[in-house]
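Peer 1: Here is my input; please provide its structure:
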Amino acid sequence: MTAPPGVSARYELYAHPQMLAARDLLAFTGALSPRTILEPGCGTGLYSRLLLSAFPGASILGVDIAGERVRAARREIVSPRIRFGVADAEFVPPGRYELITSNAAFQWFRRLPRTIARFAAMQKGGGVLSFSFFGPGTYEELDGALRETFGDEARVTASRFAPRATLEKALADRYRKWAIEERRYSQVFSSLRELLRSIKFTETRGPSCEMRIHWSPRTLSRLEKVYLDRHGCIRATYRVYLCSGLALRRPEMS
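Peer 2: The predicted structure follows:
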């Protein structure tokens, strides 16, 4: 009997948009030479591996609130330049980091402006913050099909993610220079079950818990029919914001 894939392999099997966002975020962050990197919300280490390759002179600290994911990252990535810890990314102990960067995690923060302010305080001597943020509009097709099938109480969790304006204000309040670029990724699934499996294994969360839905075969079939009638296929769209803030070492000359 073949053993089931581990946490890391299972996640990355379904993490198509997360991988696209990670690669785009790295390019968006630009050519830097940081010596110290903090990766909040490191998960199983998908983005961590890219950071190790892109910044060969840096030491990296990756933290995640889920111990299972951190253990998976430790098993998969062995390097003297990186260490992983179990911690709430919004309450990482103060330190000095020339680059604070995170892929597909900031949308889960409950205190987003306050957390960005904490990271900015860690970079008063200069540094860069960069992160990808899955925004409202992610899973918009599923969101519409849910509402049509079950009523307006049935929404995807992403519908409550912070809008771009919140990101702009949080960055502008703490960073002298900042930028946001939008990306849209699309993925087609063979069935509604496969889409829901992708949501489950990447822990991106689809239908919210505001309305209890009994996921029987009949319910799934009903929702899938609505989905196909609306879109012709089981397509998922991901709206992602690439964000950066530059903490200047000294005030700009006017």
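
Peer 1: Which residue, neighbours along the chain excluded, lies closest to the one residue sitting closest to the centre of the chain?
Peer 2: Geometric centre of the chain, nearest residue: Ala104, 0.8 Å, by C-alpha atoms, centre = their mean. Closest residue in space to Ala104, ignoring its immediate chain neighbours: Gln18 at 4.8 Å, by C-beta to C-beta, 6 or more residues apart in numbering. To be clear about C-beta, it is placed using only N, CA and C from the backbone, and glycine gets the same treatment.

Peer 1: Look at Ile213 and report its pLDDT.
Peer 2: Listed pLDDT for Ile213 reads 72.

Peer 1: What does the pLDDT read for the residue nearest to Ala104?
Peer 2: Predicted confidence (pLDDT) for Gln18: 96.

Peer 1: Identify the residues contacting Asp172.
Peer 2: In this structure residue 172 is Ala, not Asp. Ala172 makes contact with Trp178, according to C-beta atoms under 8 Å, 6 or more residues apart in numbering.

Peer 1: picking up where we left off before, who's in contact with the residue nearest to Ala104?
Peer 2: The contact partners of Gln18, taken as C-beta under 8 Å, 6+ apart, are Leu46, Asn103, Ala104, Thr202.

Peer 1: which one among these gets closest to Gly30?
Peer 2: Asn103 (15.4 Å; C-beta to C-beta).

Peer 1: Mind telling me what element the nearest residue to that closest one once chain neighbours are set aside is part of?
Peer 2: Nearest residue to Asn103 in three dimensions, chain neighbours excluded: Tyr47, at 4.0 Å (C-beta to C-beta, 6+ apart). Assigned by DSSP states H and E, Tyr47 belongs to helix 46-54.

Peer 1: Run through the neighbouring helices and strands of that helix.
Peer 2: Packing partners of helix 46-54 (3 or more C-beta pairs under 8 Å, 6 or more residues apart in numbering; DSSP states H and E): helix 16-29, strand 36-40, strand 59-64, strand 82-86, strand 99-102.

Peer 1: now with 6 Å?
Peer 2: helix 16-29 (3 or more C-beta pairs under 6 Å, 6 or more residues apart in numbering; DSSP states H and E).

Peer 1: list the buried ones in the helix it packs on?
Peer 2: By neighbour count on 16 or more other C-beta atoms under 10 Å, the buried set for helix 16-29 is His16, Pro17, Gln18, Met19, Leu20, Ala21, Ala22, Asp24, Leu25, Leu26, Phe28, Thr29.

Peer 1: a markdown table please, covering those residues and showing distance to Ser191.
Peer 2: Shown next, in a markdown table, are the buried residues of helix 16-29 (distance: C-beta to C-beta, whole Å):
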| residue | distance to Ser191 |
| --- | --- |
| His16 | 16 |
| Pro17 | 18 |
| Gln18 | 21 |
| Met19 | 22 |
| Leu20 | 22 |
| Ala21 | 24 |
| Ala22 | 26 |
| Asp24 | 28 |
| Leu25 | 30 |
| Leu26 | 32 |
| Phe28 | 33 |
| Thr29 | 36 |
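
Peer 1: Out of the residues you listed, name the two that are farthest from one another.
Peer 2: In those, two members sit farther apart than any others by C-beta to C-beta. They are His16 and Thr29, at 20.8 Å.
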